[in-house]
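**Q** Need a 3D model of the following:
(2 chains)
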Amino acid sequence: MRRTLRRFGNEPVFNMAFFILILATLFLIVYPVWRVIFYPSLEDYLAFPQNARWLKALTNSMVMMVLSMITCSTLAFLFSYSIVRLRIKGKALFRFITLLPIVSPPFIVALSYILLFGRQGLITNHLLGVRLNIYGWQGLWAVQTISFFPYAYAVIEGVMRNIPENMEYAARNLGAGKWRAFWDVFFPLCRPGVAGGAMIAAISVLADFGNPSMIAGNFHLLPIEAYMQMVGWYNMTGAAVLSTVLLIPTFAIFLLNRYWLGSRAYTTTSGKESFLPPQSLPKLVEWTVFSICLIVSIFVLLVYGVLLVGAFSKTWGYDWSLDLSNFAQIYQKRKLLFNSLEYAAISSVLASSAGFALAFLVERVKLPGKKILDFLAVLPGAVPGIFLGLGFALALGPPPFALTGTPTIMIVALSIWNIPTCYNANRARLQQISDSIEQAARNLGASKCKVVSGIFFPILKRTILSSLMLSFLRSMTCLSVVIFIYGVSTTVSTISVLSLVNSGDWSGAAAFTSVIITVAFTSMGIFKLAERIFSIVSGDKHGRSTY
Amino acid sequence: MKKLLTAILPAILVISMFVCGPLMAANESVIVYSALNEGDMVALQKKFKEDTGINLEYMVFSAGEGSARVLAEAKAPQADIFVGGSMEVYAPLKTAGALHQYRSPNAKDIAPEYSDPDGYWQGWYMGVQSIIYNRDRFKEEIAPKGLKPPEGPDDLINPAYKGLLVGSNPATAGGGYIFVANQIFTRGEKGAWDFITALNKNIDHYTKGAGDVISLVATGEFVASYAWAHDSYNSVKQGYPLEIVIPQNTAFEVGAVAVIEGAHNLQNAKIFMDWLLTKEIGQINTDLSNRYSLRSDVSPPKGLPKVEDIKVSDYDRQKAAKMKDMVVKKFSQITGA
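**A** Predicted structure coming up:
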């Protein structure tokens, strides 16, 4: 403790900045969640186990979480492997596929899926002449896998990319076969990524209410029950109880994740660079991996292709004649798009800096209560978005903050919501960096500031930038968090998509969604360009683009 | 540069928290939380500006979200008016002290049973529940079996509809509950549950929201369902092959309007309410949204029968609220949904 204090005195600016950031973030994470948890009384909680319907919903949620988590992380792993390790053409397509679901608002995948595979499905009915029943857990499983594997991918890819090839070379030189090198050397090094990715996927699945509400049929899930308690029965207490119950499985995943990772070391970046071609797997395996990715890619392209066609047609799924009136309607609402852009830009910068700081603190600074800090940093991702929003409405809405209806509350909520994404990515990457670099720098007299800005920041730059990009895209397309806190002048585009879906204008919703996707990709292009210019200016030879 | 960046980023977070203060609405405006449709609000906004010179700003929600928001903001209200949504939504808001007492002089033209006895909210339109079906799929698959288009819920228990119906779940959807409760009021308890059991054999699944079924029927995913007539009419306007049938003894809702307690633009809010209750606006709203006006001097929605010709059920709202737990439980036992 005394040592910590002495260090603090040595570098006051650095430590103060960190301290304030941590305090602000923690307050903003804990207080809204606390407001939601303590909104119902104890009796309200005790009533939960007596409600058979809710218990069933809890079990169903757990089942879906496990199923979708497995498929999401498997798919994410295969995609990462294809992109990072395989020497193939068409990587750009795969990268594009992993971005599409992130840049589109929730429930749109389910909407397209119904159009493709439903009773009147373009593929099932019109092409194959069958009438499938897609309403149930199977359909939901497919849709959730497509919707959420990109989040797992973002984490796994970041970790996999930074695993140096020389370890596997060493293993091969010592006589290990291709499989042995893969399973005993490569895969264990991927673990922080797989664990982090699986956790993000699991939590997203647990909190998902857009897809199930469209496609789950009679299969009840906890977030839907919670959401409907509020919008169907105006029962905020019930909604708060149900969403608090959701925290239990989340906590379980969290513990499992940490247990699986254990206290092993995942250090790979030790300062020695290597430029060897990656070790390969048997050709048959590589082709299988590639084929799976290709099939999934075609599937995703179909889903979004149909969305685009729907956007330009008169009535979704019925009259396919060309009609541009949907876009004229959107032009009227362009202000909503600017709002989305503004909030997403600011909040992603805030989230990625806070995520970096928290990850750094947990991984690199000796602190008591680190595990709590770790848990709090992933907590916002575990609360269903709509209740994070509700929590912010309850916490920052009334005086002394009185922030209801302001851009500030939107930005703060979106930032907090994105912290887990950024935190997990940064933390997974930090686990790969050896202490020895830092120690060497400290021995050579570098200040803590210098260590962060001269060593960690450059090494983590790509992770920081990719999580910044991811946060930006998530914020652009976020619906659940903002639904309770947007105001008359702070309405965003996803809200409008929801109201179009609700009023039965699926074509209009598809049109607005395709505009959102286009805007998101355009801003990503600009971002990439800026990044390249920045790396040329700063003379960074390895300044490759993030995506 | 990088050092500067590491110092600036945390600062931004802290500063941005406090810089932007709450936005104060200008005096010549009124802020409306609305459970009406987006398109209707655009038209009302334009008309209100023309008639009064006051800017109307609005946000559209489902009734439940809207009321939850009014409740959440009770200590620091952001809006002046809450409009649309069944009067059941307004009662808890009144109890929570979120509504402002105001009796509009124009309310005299509306039957007193549609307003709060203490003057905290005012009913002004009526929506009725309907049977909806997809014209194309009916023609292709049901008509060849010798069936006539459905005229009421009883026609839907025919085995020809097996797996072709979709419903909304009374446990989650307000409209779904009103449908089931209405069967109890019109058929008695035994008759109602026999009917639900028979209907359930044809229903593929129950959606969470009352309006979710409309697009599923409009796009032909399913052949028929039950839904609010005014909500269904949106899909008809877009050109879907959707037919709306208003059966005998159908259930109805009374949509309300209220001034929010602590409204920043109290005077404008009152002007809005008076304006909304006039004959002219009642007619406009009916033409736009297919909802019935509670004023007798407003003609019924196009394509729908006169309100006198609709036989609505004796829907007992108090009893409906009381028996909800029982009904939902029994429904769940029968349907497994």
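
**Q** By average pLDDT, which secondary structure element in chain B comes out worst?
**A** Across the helices and strands of chain B, mean pLDDT, DSSP states H and E gives its lowest value to helix B:2-19, namely a mean of 47.

**Q** right, and the helix or strand after that helix?
**A** strand B:29-34 (DSSP states H and E).

**Q** So which residues of the stretch 151-300 of chain B form helices?
**A** B:174-200, B:212-218, B:229-237, B:266-276, B:279-289 (DSSP state H, counting those that start in this stretch).

**Q** So what touches the second one?
**A** The reference is to helix B:212-218. For helix B:212-218, contacts defined as Cβ atoms under 8 Å, 6 or more residues apart in numbering or on different chains pick out A:213-214, A:318, A:501, A:504, A:506, B:132-134, B:166-168, B:173, B:207, B:222-227, B:231-232, B:234-235, B:238, B:240-242. C-beta coordinates here come from the backbone N, C-alpha and C atoms, glycine included.

**Q** Let's see which of the residues you listed end up in strands.
**A** The strands, defined by DSSP state E, take in B:Ile132, B:Tyr133, B:Asn134, B:Val166, B:Gly167, B:Ser168, B:Thr207, B:Ala224, B:Ser225, B:Tyr226, B:Ala227, B:Leu242 from the contacts of helix B:212-218.

**Q** Now the residue nearest to the spatial centre of chain B, what are its backbone angles?
**A** When Cα atoms, centre = their mean is applied to chain B, the residue found nearest the centroid is B:Gly85 (4.6 Å). Backbone dihedrals for B:Gly85, given as degrees, to the nearest 10, come out at phi 90, psi 150.

**Q** pLDDT at it, what is it?
**A** What the model reports for B:Gly85 is a pLDDT of 86.

**Q** got it, and A:Asn326?
**A** On the pLDDT scale, A:Asn326 gets 82.

**Q** And it, how far from A:Phe107?
**A** Distance from A:Asn326 to A:Phe107, counting by Cβ to Cβ, to the nearest Å: 18 Å.

**Q** A:Gln50 now?
**A** When distance is defined by Cβ to Cβ, A:Gln50 is 31 Å away from A:Phe107.

**Q** between these two, which one's more packed in?
**A** Taking A:Gln50 and A:Phe107 together and counting by other Cβ atoms under 10 Å in any protein chain shown, A:Phe107 has the greater number of neighbours (24 against 8).

**Q** Give me the packing partners of the host helix or strand of B:Gln318, helices and strands only.
**A** Under the assignment given by DSSP H and E, the secondary-structure element containing B:Gln318 is helix B:317-322. With contacts defined as 3 or more Cβ pairs under 8 Å, 6 or more residues apart in numbering or on different chains; DSSP states H and E, the packing partners of helix B:317-322 are helix B:174-200.

**Q** Run the chain-centre distance for the helix it packs on.
**A** Here helix B:174-200 shows a centroid-to-chain-centroid distance of 20 Å under the convention Cα atoms, centre = their mean, to the nearest Å.

**Q** For it, name the packing helices and strands.
**A** strand B:122-134, strand B:165-168, strand B:224-228, helix B:317-322, helix B:324-335.

**Q** please redo it, this time with the cut-off set to 7 Å
**A** Packed against helix B:174-200, as judged by 3 or more Cβ pairs under 7 Å, 6 or more residues apart in numbering or on different chains; DSSP states H and E, are the following elements: strand B:165-168, strand B:224-228, helix B:324-335.

**Q** if I pick B:Arg317, what's in contact with it?
**A** Under the criterion of Cβ atoms under 7 Å, 6 or more residues apart in numbering or on different chains, the neighbours of B:Arg317 are B:Glu88.

**Q** redo that, cut-off 6 Å
**A** Residues near B:Arg317 by Cβ atoms under 6 Å, 6 or more residues apart in numbering or on different chains: none.

**Q** That one and chain A: what is the separation?
**A** Applying Cβ to the nearest Cβ, to the nearest Å, the value for B:Arg317 to chain A is 14 Å.

**Q** Identify each buried residue in the helix holding B:Gln318, please.
**A** B:Ala320 (16 or more other Cβ atoms under 10 Å in any protein chain shown).

**Q** now do stretch A:450-469
**A** Neighbour-count burial for stretch A:450-469, counted by 16+ other Cβ under 10 Å, picks out A:450-453, A:455-457, A:459-469.

**Q** circling back: among the ones in strands among the contacts of helix B:212-218, which ones lie close to chain A?
**A** Restricting these to those adjacent to chain A (criterion: Cβ under 6 Å from any Cβ of the partner chain) removes every one of them.

**Q** Can you redo the residues you listed as JSON lines, where the extra columns are pLDDT?
**A** Listed next are the ones in strands among the contacts of helix B:212-218 as JSON lines, based on pLDDT from 0 to 100:
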{"residue": "B:Ile132", "pLDDT": "96"}
{"residue": "B:Tyr133", "pLDDT": "97"}
{"residue": "B:Asn134", "pLDDT": "96"}
{"residue": "B:Val166", "pLDDT": "95"}
{"residue": "B:Gly167", "pLDDT": "95"}
{"residue": "B:Ser168", "pLDDT": "91"}
{"residue": "B:Thr207", "pLDDT": "88"}
{"residue": "B:Ala224", "pLDDT": "96"}
{"residue": "B:Ser225", "pLDDT": "97"}
{"residue": "B:Tyr226", "pLDDT": "96"}
{"residue": "B:Ala227", "pLDDT": "94"}
{"residue": "B:Leu242", "pLDDT": "94"}
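
**Q** If any of the residues you listed are buried, put those into a ChimeraX selection.
**A** Applied in ChimeraX, the following selects the buried portion of the ones in strands among the contacts of helix B:212-218 according to 16+ other Cβ under 10 Å:
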select /B:132,133,134,166,167,168,207,224,225,226,227,242
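
**Q** which one of the ones in strands among the contacts of helix B:212-218 sits closest to A:Pro12?
**A** The closest of the ones in strands among the contacts of helix B:212-218 to A:Pro12 turns out to be B:Thr207 (Cβ to Cβ; 58.8 Å).

**Q** Quick check, the closest one in contact with B:Ser168.
**A** Yes: between B:Thr207 and B:Ser168 there is a contact at 5.1 Å, judged by Cβ atoms under 6 Å.

**Q** Now do whichever strand or helix holds B:Asp51: everything it contacts.
**A** With elements taken from DSSP H and E, the one containing B:Asp51 is helix B:38-52. If you take Cβ under 6 Å, 6+ apart as the criterion, helix B:38-52 is touched by A:Ser499, B:Ser34, B:Leu56, B:Tyr58, B:Val60, B:Ile271, B:Leu288, B:Ser289.

**Q** Then stretch A:334-341?
**A** Outside stretch A:334-341, the residues that reach it (Cβ under 6 Å, 6+ apart) are A:Met476, A:Thr491, A:Val492, A:Ser493, A:Ser496.
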